[in-house]
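J.: all I have is the shape, not the residue letters:
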């Protein structure tokens, strides 16, 4: 089976033990038999769609892709990938509850905001959290928190999550 993945998912594919794959930002049928890509991506071929915004999503995606590859990694093996990422490890399977109410401007940010223990509300919020690409759409003017989106930070999901968790932790 010939696998194609997007740049954002390449690290998951690599960690899952798949060695033979093609990277294409916009996979097409001629690239391979199966695409591994972010859940919001659309392709016209068989695909496995994953989420990698939170630590738990990263863990589950590595587990799913390694099983798909016929090389299912144990939980301990996957946990070892978190060793150099303190915040990712901290929020892995976390159940934090914080007294912070936030308005969120993006679906992909809701996962990590909830993971950090914040409460999402539509009014009477402490902060407005939005991705950089929606900066011009934010109507509020105070307590704004801009979070880097997929295109403006590392493609490594651990680095990306570390940065985003760090920004959110600064609000506590």
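T.: Nice, thanks for sending it over. Bear in mind that the values here come from a model prediction, so they are computed numbers and not experimental data.
J.: name the nearest residue to the residue most central in space within the chain, sequence neighbours excluded.
T.: Taking C-alpha atoms, centre = their mean, the centroid of the chain lies closest to residue 53, which sits 1.8 Å from it. Of all residues not flanking residue 53 in the chain, residue 111 sits nearest, at 4.5 Å (C-beta to C-beta, 6 or more residues apart in numbering). To be clear about C-beta, it is placed using only N, CA and C from the backbone, and glycine gets the same treatment.
J.: on that earlier part again, surely the residue nearest to the centre of the chain touches residue 114?
T.: No: if you go by C-beta atoms under 8 Å, residue 53 and residue 114 don't touch, sitting 10.2 Å apart.
J.: neighbours of the residue nearest to residue 53, just the number please.
T.: 17 (other C-beta atoms under 10 Å).
J.: the one 5 residues further on now?
T.: When neighbours are defined as other C-beta under 10 Å, residue 116 has 24 of them.
J.: would you enumerate the residues in contact with it?
T.: Taking C-beta atoms under 8 Å, 6 or more residues apart in numbering, we find residue 116 in contact with 91, 96, 98, 165, 168, 169.
J.: between those, which sits nearest residue 139?
T.: Among the contacts of residue 116, residue 168 lies closest to residue 139 (C-beta to C-beta), at 21.4 Å.
J.: brilliant, that's me finished.
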